[in-house]
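Novice: turn this into a structure:
(chains A and B)
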Amino acid sequence: MEIALEKTNAARIARALVKARRAAGSPAMDMVLTLLVVTDDEEVGAALRTATTLSREHPSRVIGVILGDGRGAAELNAKVRVGESSSGESILLRISGELTKHAESVVLPLLLPDSPVVVWWPGKPPTDPSADAIGQLAQRRLTDAEATDSPIRSLKSVGRHYAPGDTDLSWTRLTPWRALLAAALDQSTSKVSSGSVTAGTGNPAATLLVAWLESRLKVPITLRKGDIEQISSVVLHTAAGDVVIERVGPTSCHFSVPGSSPREVPLGARTLAELLAEDLRRLDADDIYEATISHLLTS
Amino acid sequence: MVDNPLRDPRDRRLPRIAGPCSLILFGVTGDLAKKKLIPAVYDLANRGLLPPGFALVGFARQDFGKQAFSKMIKQAAKDGARTPWSETVWKQLAAGIRFVPGEFDDDDAWERLGKTMEELDRQQGTGGNHAFYLSIPPSLFPVVVSQIKKHGLAESSQGWRRVVIEKPFGHDLATAQELNTIVADVFPSQSVFRIDHYLGKETVQNILAFRFANGMFEPIWNNHYVDHVQITMAEDIGIGSRAGYYDGIGAARDVIQNHLLQLMALIAMEEPVSFNAKSLRIEKQKILANARTPARIDLHSAHAQYDGGWAGGEKVLGYLEEQGIPQTSTTETYAAMRIDISTRRWAGVPFYLRTGKRLGRRVTELAVIFKRAPHQPFSKHDVEELGQNALVMRIQPDEGVTLRFGAKVPGTTMEIRDVNMDFAYGGAFVESSPEAYERLILDVLLGDPPLFPHREEVELSWEILDPVIEHWSKQKTIDTYPSGTWGPESADKMLARDGRVWRRP
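Specialist: Here you go, the predicted model:
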């Protein structure tokens, strides 16, 4: 059931939610979390589709917040939807006028009681997510540097204000690479003396990978310019020989470690919904990300 | 070995990947291997949890060519995998697949296996780490285990060797002890993994977390508040093609000995001092050592066979009409018994265990039924529909917890009726539970044994069960129950004697 509300307030939205839930036959919904998606008119469609894909598997209350024009009188329009294609509830808030500066006052009464709150900025993030009025409501704050005009600058400027609970999705995109590298060093135990990462310019994930490797291995890692936008290869030099992981196609890479024959292993790109799912799995702070970011900013 | 600088226990995004190793499957052409083990290996590979150099060795009698073998494995993986099919993942896995044809008593075949293992250490970098998985009938255990010993495959200068045994662990105390002695002769006890695939590690950990991480259940978890406990494992299917294995074994040996008694121990045990393998085992053993059926086995147990009829909209055969079952068979397909645990916590609280084939539906659950409130300030009419409070841990399908309690029916009259409050693991976390076999195989490869039953537990379980089976074996006839129902009348009578009824799960 979908209910549209114009010139409304949080209490009326909450009543509409209850009404919509009754109309759906009060299905049992143990909702896991509230996911706030702060975005604009252009991106809202794609972002909410991703959030809905996620909530199909993991029932949650998705609140889309569209911050409109800040000029003029305060106005709040809302759309409430329960059931139908998703297993949770979704609320779309369109906020304009003076209210854009106080969006948190609308969101706060609509959060699920006593359960985690996650905020995701699919586009341009606030400079300091944890100080942001909506960011303050959440215990996990997800930004996406790759979606901005200058990814590396965005990654660093958000990183400078790091607070426990922040993560950039560039870091999440790295997990498969990091898993392969860790597996490679499980096999090849001789000490790494240096290494390199090859990727397209301005790739925030590659920047983070270099910082992670440097902070863990305590050796210099160089960033080389590659032909494709993504990370195309990682080489670690050890006394026993080179560890080489090289992408050979959209879903696979070559994996070679000293002491055993090289082979091809899967390395696929993941959808935004899969990335978010990985991030939502853990609702506490990511210490390794913090260490990597601080290494990135000091080196 | 040096620590891997890229790993950090705080880095929980990185999956826990098993080190380089191989899994050597005996009975690779069997049903279990095809339907469960191979798909689970593929799913693990697809989730990125196997090391890049993982190897899978099949040892079986059929004389396949290498190609045909690889094709058979691929088909099995494709048919049974729960994760999407990926040709890249398969290619990675296929590079590590080897086939060793031969009979179990053929020394040459074992030499070939030894050579294959050495070759894998060189080519795949498995580093001497090999797990033997005995997916074969228990009658073949002695020959396989002694061959492993004879050809020196159970030990190596580097790496580890482990062995995995599936239930049934014997068919009574004497055979269980014999089997344990054979295995213990070749492998040290920490290298032996006894797998009960009914009881996934995930389930065990869920029960432990539920009981011991919460403060609100422990105070009422005793004979002051608990009236009785019902543990049920029901299957809606018949014996299918397992006639050869099932006849003469029966429901009690097949399910109660390992599965239901393990569940009972988990529900009844005291809080272990820590969650390591040893402390957990000590607590479970205390329960198993003090659990006994009542002296009058005839009054407190029931066993029966299913009759033909209609189950779930399909016409089905009776047990005696199934292919390969002798007309004179008195093997039970339904077994129920009362067990009393003589500890301070549980004295006077009976545990009712039941299992059966061709029952109403497929379900495994633990139901803790509480005593009624000592006094009801309501009139008799008000609480006519009020039952006993119950806490049900559903194990399958749809793992979760249900709490049953009374609530007032809205309206001006005072009427109190039972309602359910439900929680499902599947919906409450941003993570889906892995399949039991995936978890089991990964635990073996990681060398993580805590929750596998040890030999002492297996033997204690047989001590509980042996008298009941012996009593049943003296009877010339056996009860029957219509397919698709919740069991024989004798089982209902058994509970009626204690003034109780079975839950309809």
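Novice: and residue 92, what does it touch?
Specialist: Just so you know, I chose chain A. A:44, A:48, A:63-64, A:66, A:78-79, A:81 (C-beta atoms under 8 Å, 6 or more residues apart in numbering or on different chains). (Glycine included, C-beta is placed from N, CA and C.)
Novice: I was thinking of chain B, sorry if that wasn't clear
Specialist: Contact analysis of B:Gln92 by C-beta under 8 Å, 6+ apart lists A:263-266, B:45, B:52.
Novice: save the residues you listed as JSON lines, and put in neighbour count and secondary structure too.
Specialist: Shown next, in JSON lines, are those (neighbours: other C-beta atoms under 10 Å in any protein chain shown; DSSP: H, G, I helix; E, B strand; the rest coil):
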{"residue": "A:Arg263", "neighbour count": "19", "secondary structure": "strand"}
{"residue": "A:Glu264", "neighbour count": "16", "secondary structure": "strand"}
{"residue": "A:Val265", "neighbour count": "25", "secondary structure": "strand"}
{"residue": "A:Pro266", "neighbour count": "22", "secondary structure": "strand"}
{"residue": "B:Ala45", "neighbour count": "25", "secondary structure": "helix"}
{"residue": "B:Pro52", "neighbour count": "28", "secondary structure": "coil"}
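Novice: rewinding a little: and the contacts of A:Leu92, which two are the farthest apart?
Specialist: Greatest spacing in the contacts of A:Leu92, by C-beta to C-beta: A:Ile66 and A:Arg81 (15.0 Å).
Novice: of the contacts of A:Leu92, which belong to strands?
Specialist: A:63-64, A:66, A:78-79, A:81 (DSSP state E).
Novice: from those residues, pick the one nearest chain B.
Specialist: A:Ile63 (17.0 Å; C-beta to the nearest C-beta).
Novice: where does the closest one land on pLDDT?
Specialist: At A:Ile63, the pLDDT value in this model is 92.
Novice: could you say which helix or strand holds the closest residue to chain A within chain B?
Specialist: Proximity of chain B to chain A (C-beta to the nearest C-beta) peaks at B:Gly125, 3.1 Å away. Secondary structure assignment for B:Gly125, by DSSP states H and E: no helix or strand.
Novice: so the residue nearest to it when sequence neighbours are not counted: helix, strand or coil?
Specialist: Nearest residue to B:Gly125 in three dimensions, chain neighbours excluded: A:Ser260, at 3.1 Å (C-beta to C-beta, 6 or more residues apart in numbering or on different chains). Three-state assignment for A:Ser260 (DSSP: H, G, I helix; E, B strand; the rest coil): coil.
Novice: my guess is A:Ser260 meets B:Gly127, correct?
Specialist: No: judged on C-beta atoms under 8 Å, A:Ser260 makes no contact with B:Gly127 at a distance of 9.0 Å.
Novice: which residues are common contacts for those two?
Specialist: B:Pro20.
Novice: residues in contact with B:Gly411?
Specialist: Counted by C-beta under 8 Å, 6+ apart, B:Gly411 has zero contacts.
Novice: could I get the phi/psi values of it?
Specialist: The phi/psi pair for B:Gly411 (degrees, to the nearest 10) reads phi 140, psi 180.
Novice: equivalent analysis for B:Pro453, please.
Specialist: phi -70, psi 140.
Novice: what's near enough to touch it?
Specialist: B:169, B:194, B:196, B:258, B:262, B:284.
Novice: at 6 Å what do you get?
Specialist: Listed by C-beta atoms under 6 Å, 6 or more residues apart in numbering or on different chains, the contact set of B:Pro453 reads B:Arg194.
Novice: and the gap between it and B:Phe275?
Specialist: According to C-beta to C-beta, to the nearest Å, B:Pro453 and B:Phe275 sit 16 Å apart.
Novice: out of the contacts of B:Gln92, the closest to B:Ala252 would be?
Specialist: Nearest to B:Ala252 among the contacts of B:Gln92 is B:Ala45, at 37.7 Å by C-beta to C-beta.
Novice: thought B:Trp90 was touching the closest one, still the case?
Specialist: No: counting by C-beta atoms under 6 Å, B:Ala45 stays clear of B:Trp90, with 8.3 Å between them.
Novice: skipping adjacent residues, who's closest to the residue nearest to the spatial centre of chain A in space?
Specialist: Taking C-alpha atoms, centre = their mean, the centroid of chain A lies closest to A:Leu169, which sits 3.7 Å from it. Leaving out its chain neighbours, the residue that sits closest to A:Leu169 by C-beta to C-beta, 6+ apart is A:Asp144, at 4.4 Å.
Novice: wait, what's in contact with residue 116?
Specialist: Using chain A here. When contacts are counted by C-beta under 6 Å, 6+ apart, A:Pro116 is found next to A:33, A:139, A:283.
Novice: switch to chain B, that's the one I care about
Specialist: B:98, B:100.
Novice: which SSE is it in?
Specialist: Using DSSP H and E, B:Thr116 falls in helix B:107-123.
Novice: tell me the mean pLDDT over that helix?
Specialist: 89.
Novice: in that helix, which residues are buried?
Specialist: By 16 or more other C-beta atoms under 10 Å in any protein chain shown, the buried positions in helix B:107-123 come out as B:109-110, B:112-113, B:116-117, B:120-121, B:123.
Novice: one step back: now, which of the contacts of A:Pro116 lie within strands?
Specialist: A:Leu33.
Novice: report the buried members of the contacts of A:Pro116.
Specialist: Those of the contacts of A:Pro116 that meet the buried threshold are A:33, A:283, by 16+ other C-beta under 10 Å.
Novice: can I get the contacts of A:Pro116 in CSV with pLDDT?
Specialist: Listed next are those as CSV, based on pLDDT from 0 to 100:
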residue, pLDDT
A:Leu33, 85
A:Gln139, 91
A:Leu283, 82
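Novice: tell me the residues of the stretch 51-200 of chain A that contact chain B?
Specialist: Proximity of the stretch 51-200 of chain A to chain B (C-beta under 6 Å from any C-beta of the partner chain) is limited to residues A:58-59, A:175, A:178-179, A:181-183, A:185-187, A:189.
Novice: show me the contact partners of stretch A:178-196.
Specialist: Stretch A:178-196 has contacts (C-beta under 6 Å, 6+ apart) with A:217, A:219-222, A:224, A:235-240, A:243, A:245, A:257-258, B:2, B:4, B:6-7, B:14-15, B:17, B:19-20, B:48, B:51-52, B:125.
Novice: go with 7 Å
Specialist: The contact list for stretch A:178-196, computed with C-beta atoms under 7 Å, 6 or more residues apart in numbering or on different chains, reads A:212-213, A:217, A:219-222, A:224, A:234-240, A:243, A:245, A:255, A:257-260, A:265, A:267, B:1-2, B:4-7, B:14-15, B:17, B:19-20, B:48, B:51-53, B:125.
Novice: could you list the buried residues of that stretch?
Specialist: So for stretch A:178-196, counting by 16+ other C-beta under 10 Å, buried means A:178-188, A:192, A:195-196.
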